[in-house]
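Trainee: model the following, please.
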Amino acid sequence: MPLSTQPCSKGASPPPPDKGKDLYAAGDYEGALKAWEMTLKSIGYINSKDAYAQDSSKQKIDEIANRAELNAAQACLRLRRWDDAVRHCDNVLKRHPLEAKALYRKATALRQKGEYDEVR
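Mentor: Numbering: from 1, shown residues only. Below you'll find the predicted structure:
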């Protein structure tokens, strides 16, 4: 079963893969954030059902989740939602502690919050 046709909780469908990207490019950061968060909810649903148990499928799901988290973090930075940006970055860093984009975006959010000691 292809990833894009998997239902998320309560019967809603995940957004098309590029919907968030298109909304972000159009300056609709709120809409882009909602699209990426819906993608993350769909991935959570898929993971809860263990729908993709093979290693290659899990790796692909992980890549999609990382991309959605990083994109959501960037949208949060644009929306000045520093705590949400940090949360999205932390979700990536749990799986990939040296992910450069997550480290940079987290540092940017922490700097904006004035939490300079945490940036190190």
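
Trainee: count the neighbours of G114 for me.
Mentor: Around G114 sit 9 other residues, with neighbours defined as other CB atoms under 10 Å. In short, each C-beta sits where N, CA and C put it, glycine included.

Trainee: just L23 next, same as before
Mentor: Other residues within reach of L23, judged by other CB under 10 Å, total 20.

Trainee: distance of it relative to A68?
Mentor: Distance, L23 to A68, by CB to CB, to the nearest Å: 13 Å.

Trainee: check which helix or strand the residue positioned nearest the centre of the chain maps to.
Mentor: The centroid of the chain falls nearest to E69 when counting by CA atoms, centre = their mean (1.6 Å). E69 belongs to helix 55-78 when assigned by DSSP states H and E.

Trainee: got it, and A109?
Mentor: In the assignment (DSSP H and E), A109 maps to helix 100-113.

Trainee: now do the phi/psi pair for D50.
Mentor: Main-chain dihedrals, D50, degrees, to the nearest 10: phi 50, psi 40.

Trainee: residue contacts, the closest residue to L33 other than its chain neighbours?
Mentor: Among residues not flanking L33 along the chain, A75 sits closest, at 4.1 Å (CB to CB, 6 or more residues apart in numbering). Going by CB atoms under 8 Å, 6 or more residues apart in numbering, A75 touches 20, 24, 29-30, 32-33, 36.

Trainee: thanks a lot, see you next time.
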